[in-house]
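Undergrad: predicted model and sequence below, questions to follow.
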Amino acid sequence: MNRIFIVARKEFRDGIRDRRALLSAFFFPLSAPLFIYFLLNAVINMAQVDDSLEVPIFGADAAPGLVNHLVERGIKLSHRQPEPLSTIKSAVVNQKLDYALIIPADFERQMASYQPPDLLLVFDSSRNDVGAQVKRLRDTLAAYNQELVSLRLIARGVSPKITVGARPQPIDVASDQKRTANLMNFIPLYVLMAAFVAGLGIAIDGTAGERERKSIEPLLINPVPQTHFIFGKWLASGSFALLGMLGTLVLCIVAMYSLPIEQIGLSFKIGLEQALALLIICLPVPYIAAGMQLLLGLFAKSFKDAQSYIGILIIFPMIPVIIRQFMPFVTETWMASVPIFSQSVLMMDILAGSPYTAFRLFLSIVTGFIASAVLCLLAAKLLASERMIQS
């Protein structure tokens, strides 16, 4: 163990001395929470509808009753002169107008003859920033239509209830925190990716970098088992990755507490027990990443080759998030035995406030460190081969 710590201390010092590489390694772990904060803040702002909603309306003079209904509902109208539909569509496409409401010139005549006139609502569904405003306008128009139908029926002595059939009553069993977790499902992705990015430089430099510098031959001449070298490098690289991952996790939680998510009907609460559970679950991930990176770094023929191989590892944290997003499932015990996958799944359960067991946490940690140890043993076996010097 003393030899392992000596190697780890040496690699750790080399990593700290290279300030440029150190900044590059921790750029993603530190910038990802800021990205989460500004992204979710933009989502919250888009989900809110300003009370002073202003709608460009064409042909308002043809429907004074509808105009009064919209004004009474707090919608400001920007009166425009009638224009061809193609011109209005072009204005919305070019974002000169966010949306527009077009009233036909014969609106009153069609209403008098009980022919439903077409109210044209022109908008761009690909723009998320106007989705909430368009929805409010559509709901207001639907309410006007329902009110108009009810008044016609009452005028003829018919109850408006006759138009209502079976009424579906939605019952949402998802808690506010679970809906919040669905919104922030990329937090586990960023936390796991930080573990794969922060220690990347040390892992490549200690394997493929040493081969290019021809410093691996004098390293192997020492009367020290290859496993000691590998585990020392693994400890140093994993420790760097652990720092980056923990920094990302803490900053992501701080960012979530700083966001006004209660304005969109969500809540985010993490107690001490949940915070410790998140920390425990994440512990094996940086060392699994370090084991993978050391193995691929020794397998590669050059530093550039190692960067290409190790870059593929970034997809591992993405797989569980993609699977859960498009194929929702209920967490089962066997999932805790799959490294990386178990960490992502259990983190989402904890953030959503779902129940979890100590056995699943224990199984996730044990299998994770076993997997990292196996990767290190494979790397030590590869380090002992002749191709380390010949190639």
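TA: Happy to help now that I have it. Numbering: from 1, shown residues only.

Undergrad: from here on, contacts and neighbour counts on C-alpha atoms
TA: Noted.

Undergrad: before we move on, what SS does Y356 have?
TA: coil (DSSP: H, G, I helix; E, B strand; the rest coil).

Undergrad: now it: how far from M348?
TA: 11 Å (CA to CA, to the nearest Å).

Undergrad: ditto for L85
TA: Taken as CA to CA, the span from L85 to M348 is 48 Å.

Undergrad: and what of M184?
TA: Taken as CA to CA, the span from M184 to M348 is 9 Å.

Undergrad: between L85 and M348, who's got more neighbours?
TA: The residue with more neighbours, out of L85 and M348, is M348; 24 against 12, by other CA atoms under 10 Å.

Undergrad: got any ranges where the protein has weak pLDDT?
TA: The chain contains residues with pLDDT under 70 at 1, 21, 46-52, 175-176, 181, 183, 264-266, 387-391.

Undergrad: would you map out the domains in it?
TA: 2-44+177-390, 49-163 (automatic domain parsing).

Undergrad: export those domains to CSV and tack on distance to Q169?
TA: What follows is the domains of the chain, written out as CSV (distance: least, CA to CA, whole Å):
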stretch, distance to Q169
domain 2-44+177-390, 19
domain 49-163, 17
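
Undergrad: P170 is nearest to which of those?
TA: domain 2-44+177-390 (15.7 Å; CA to CA).

Undergrad: the closest residue to V93 other than its chain neighbours: neighbour count?
TA: Leaving aside its sequence neighbours, V93 sits nearest to D124 (CA to CA, 6 or more residues apart in numbering; 6.9 Å). When neighbours are counted by other CA under 10 Å, D124 registers 16.

Undergrad: would you map the strands across the stretch 101-250 of the chain?
TA: 120-123 (DSSP state E, counting those that start in this stretch).

Undergrad: all helices of it, in order?
TA: Secondary structure of the stretch 101-250 of the chain, counting by DSSP state H, counting those that start in this stretch: helices at 107-112, 131-155, 176-183, 187-198, 200-204, 210-212, 216-221, 226-258.

Undergrad: closest to L23 out of those helices?
TA: helix 187-198 (9.6 Å).

Undergrad: just the CA atoms of that closest one, as CSV, please.
TA: Extracted in CSV, the C-alpha atoms of helix 187-198 (Å, rounded to 0.1, in the frame of the first residue of the first chain):
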residue,chain,number,x,y,z
ILE,A,187,-28.3,16.4,-13.5
PRO,A,188,-27.2,12.7,-13.0
LEU,A,189,-25.9,12.9,-16.6
TYR,A,190,-23.7,15.9,-15.8
VAL,A,191,-22.5,14.5,-12.5
LEU,A,192,-21.5,11.2,-14.1
MET,A,193,-19.9,13.0,-17.1
ALA,A,194,-17.8,15.1,-14.7
ALA,A,195,-16.4,11.9,-13.2
PHE,A,196,-15.3,10.8,-16.7
VAL,A,197,-13.8,14.3,-17.6
ALA,A,198,-12.0,15.5,-14.5
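
Undergrad: distance between it and the chain's centre?
TA: Offset of helix 187-198 from its chain centre (CA atoms, centre = their mean, to the nearest Å): 12 Å.
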